[in-house]
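Trainee: Fold the following.
(one chain, ligands or ions: 2)
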Amino acid sequence: MSTPYQEALGRTLIERSIREKIVIVGVTLDKHTDEQTEESLDELERLVDTAGADVVARLTQRRQAPDPATYIGKGKVDELKATCLAVDADTVVFDNELSPAQQFNLEKTLGRTAIDRTAVILDIFAQNSHTLEGKAQVELALMRYRLPRIRRGASAGLTQQGGGIGTRGPGETKLETDRRRINDRIAKLERELRELQRTRDEQRKGRSRSGLASVTIVGYTNAGKSTLLNYLTNAGVLVENRLFATLDPTTRRLALPGGEPVLLTDTVGFIKRLPHTLIEAFKSTLEVATESDLLLHVVDSSAVDPESQIVAVREVLGEIGANKVPELLVFNKMDADPDTAKRMVYEHEGSVAVSAATGAGIDELLRTVADRVRSLTAVVELLVPYERGDVMASIHREGEVVSTAHEDGGIRVRARLADASRGRLTEFVVSPS
Ligand SMILES: Nc1nc2c(ncn2[C@@H]2O[C@H](COP(=O)(O)OP(=O)(O)OP(=O)(O)O)[C@@H](O)[C@H]2O)c(=O)[nH]1
Ligand SMILES: [Mg+2]
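Mentor: Ligands and ions are numbered 1, 2, ... in the order given. Presented below is the predicted three-dimensional model:
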């Protein structure tokens, strides 16, 4: 008989022994700093952990440009091989994107699976998708990622063995190195998604008939988007300290102080270098953001570098065509790091700080959302001098530009602007005066 302690220990050891051992590799290219590479590797480590594996070693290199054959140089490949042997690693994961040829060459030399950050993110999405549409979208992204990486025979033994990180997913059985079958599958998934899209369009028409404004929560993964939706609407969405916990959108009605209710939607989070195949595949899910009246851009103000996360989120918003939707920055987790939250609000005019965990700042958030939604209909005319690119940028970000005309004195802009933004830009407002 074993003691409960031994049993627990045994179980932990068993659990650990089935978790894959991973060596991660980061390359600092050209203008980037070593610090950025380390931060990105920290994030990759979290991604690997979320996917269910353990990082046991990390390697970095600084290069002008990637080596076309193996991404890192030959000497570094030898070092990587020695590290893999020393720590008995199953897989190496590159933070930078590997071409199919680089992946093939690395696997041949190292004698183990070599994948990149994209494959890890795809793996997490595959594990976290639950609805019909979510699953179809993830499978489509996986198929498109794998298609150019299929080789007859060649490294089949390596890339297909065992169902480890980067090899899982709904499409696994279809990976029989048969391009034609994968292409057929892609076509079928595209058809299915189009069908689901039609249903979604119908639902949306129903909603827009309701005449309610639509507000979408966007932001970096783990920023607290679902926690905020739950706090505001008791939606009961899954909240986890884990990346990409939410893949499927949830919409709830939210009452605002002194105004009409709005429809509030929580959706999938973003990350730096979000794989393009995923953005493409999730376009229909993300349309809710593109078509909404206001974006609540939730930022984790306790993150290592919140500014860089804001930039990453705005990049994805640009890619999906949602960068014209007015945005309200919401600095969350102010309970965890009040000083940074305060500083961020100071640096980003019109933003608010909240804690979705404690409820601090929520009243002001609701008042601000109500103000922004009310202003959606009020058009203001401004005259902005040509040298004030900063003013034009904030009008574009905070409001919706209706028209612009170039005149001698500057740019005449007609825009829907919230009262708070209008107040700040009052020196440029010409009417209503
Ligand atoms: N301290 C603190 N933690 C928070 C706050 N809001 C959320 N969290 C925590 O942050 C983690 C992520 O929260 P989620 O709401 O799942 O984040 P999300 O943005 O929906 O994440 P994904 O769906 O994975 O992209 C959880 O562990 C939450 O408990 C907050 O205001 N303060
Ligand atoms: Mg979530």
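Trainee: For this protein, which helix extends over the most residues?
Mentor: Criterion DSSP state H: the longest helix present in the chain is helix 179-209.
Trainee: Tell me what angle the helix or strand following that one forms with helix 179-209.
Mentor: Past helix 179-209, further along toward the C-terminus, the next helix or strand under DSSP states H and E is strand 214-219. Comparing the axes of strand 214-219 and helix 179-209 via axes from the mean of the first three to the mean of the last three Cα atoms, to 10 degrees yields an angle of 130 degrees.
Trainee: Run the chain-centre distance for strand 214-219.
Mentor: Relative to the mean C-alpha coordinate of its chain, strand 214-219 is positioned 13 Å out (Cα atoms, centre = their mean, to the nearest Å).
Trainee: Determine the set of other helices and strands touching the longest helix of the chain.
Mentor: Packing partners of helix 179-209 (3 or more Cβ pairs under 8 Å, 6 or more residues apart in numbering; DSSP states H and E): helix 132-146, helix 283-290. The C-beta positions use only the backbone N, C-alpha and C, and glycine is treated the same way.
Trainee: Just the buried residues of that helix, please?
Mentor: In terms of neighbour count (16 or more other Cβ atoms under 10 Å), helix 179-209 has its buried residues at Ile182, Arg185, Ile186, Leu189, Glu192, Leu193, Leu196, Arg200.
Trainee: Grab the nearest non-local neighbour of the most centrally placed residue in the chain.
Mentor: Computing the C-alpha centroid of the chain and ranking residues by Cα atoms, centre = their mean puts Phe270 first, at 0.8 Å. Spatial nearest neighbour of Phe270, excluding adjacent residues (Cβ to Cβ, 6 or more residues apart in numbering): Val316 at 4.5 Å.
Trainee: where's that neighbour relative to Val215, distance?
Mentor: In this view, Val316 and Val215 are 18 Å apart by Cβ to Cβ, to the nearest Å.
Trainee: which residues does the residue in the stretch 51-200 of the chain positioned nearest to ligand 2 contact?
Mentor: The nearest approach of the stretch 51-200 of the chain to ligand 2 comes at Asn128, 10.0 Å away (Cβ to the ion). By Cβ atoms under 8 Å, 6 or more residues apart in numbering, the residues touching Asn128 are Phe244, Ala245, Leu247.
Trainee: Would you mind finding the most buried of the helices and strands packed on helix 179-209?
Mentor: When you average the neighbours per residue for each of the helices and strands packed on helix 179-209 (mean count of other Cβ atoms under 10 Å), helix 132-146 leads with a mean of 23.
Trainee: does that helix come close to ligand 2?
Mentor: No - Helix 132-146 is not in contact with ligand 2 by Cβ under 5 Å from the ion; minimum separation 12.9 Å.
Trainee: which bits of the stretch 251-400 of the chain sit near ligand 1?
Mentor: With Cβ under 6 Å from any ligand atom as the criterion, the stretch 251-400 of the chain meets ligand 1 at residues Gly269, Asn332, Lys333, Asp335, Ala336, Ser355, Ala356, Ala357.
Trainee: which two from the residues you listed end up farthest apart in space?
Mentor: Across these, the longest distance by Cβ to Cβ is 20.1 Å; it joins Gly269 and Asp335.
Trainee: more neighbours, these two?
Mentor: Using other Cβ atoms under 10 Å as the criterion, Gly269 and Asp335 rank with Gly269 on top: 24 against 17.
Trainee: Now for the residue nearest to Arg416 when sequence neighbours are not counted, how many residues are close by?
Mentor: The shortest distance from Arg416 to any non-neighbouring residue, by Cβ to Cβ, 6+ apart, is to Glu400 (4.5 Å). When neighbours are counted by other Cβ under 10 Å, Glu400 registers 18.
Trainee: so Glu400 touches Leu376, yeah?
Mentor: Yes - checked against Cβ atoms under 8 Å, the pair Glu400 and Leu376 is within contact range at 7.4 Å.
Trainee: what is in contact with those two at once?
Mentor: Arg416.
Trainee: So what sits opposite Val384 in the bridge?
Mentor: As for beta bridges, Val384 partners with Ile411 under DSSP bridges.
Trainee: pLDDT value on it, please?
Mentor: Per-residue confidence at Val384 stands at 96 (pLDDT).
Trainee: circling back to that earlier point, the residue nearest to Arg416: what's it in contact with?
Mentor: Contacts of Glu400 (Cβ under 8 Å, 6+ apart): Lys324, Val325, Pro326, Leu376, Ala415, Arg416.
Trainee: Can you verify the fifth one is assigned to a helix?
Mentor: By that I understand Ala415. No - remark: Ala415 does not belong to a helix; assigned using DSSP: H, G, I helix; E, B strand; the rest coil, it is strand.
Trainee: Could you double-check that it lies in contact with Met392?
Mentor: No - taking contacts as Cβ under 8 Å, Ala415 lies outside contact range of Met392: 10.1 Å.
Trainee: So for those two, which residue has more residues nearby?
Mentor: Set Ala415 next to Met392 and count neighbours by other Cβ under 10 Å: Ala415 wins out with 23 against 19.
Trainee: Is the more buried one bridged to anything, and to what?
Mentor: In this entry, Ala415 is beta-bridged to Val380, Val401, by DSSP bridges.
Trainee: Over to Ala405?
Mentor: So, taking DSSP bridges as the rule, Ala405 has Arg412 as bridge partners.
Trainee: Now do it, the pLDDT please.
Mentor: Looking at Ala405, its pLDDT is 94.
Trainee: Would you mind measuring from the residue in the stretch 251-400 of the chain that ligand 1 sits nearest to to Asn323?
Mentor: Closest approach between the stretch 251-400 of the chain and ligand 1, counting by Cβ to the nearest ligand atom: Gly269, at 2.6 Å. Computed as Cβ to Cβ, the Gly269 to Asn323 distance reads 17 Å.
Trainee: Mind putting the buried residues of helix 179-209 into CSV with distance to ligand 2 and pLDDT?
Mentor: Listed next are these as CSV, based on distance: Cβ to the ion, whole Å; pLDDT from 0 to 100:
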residue, distance to ligand 2, pLDDT
Ile182, 31, 85
Arg185, 29, 91
Ile186, 28, 93
Leu189, 24, 93
Glu192, 25, 92
Leu193, 22, 91
Leu196, 21, 87
Arg200, 20, 78
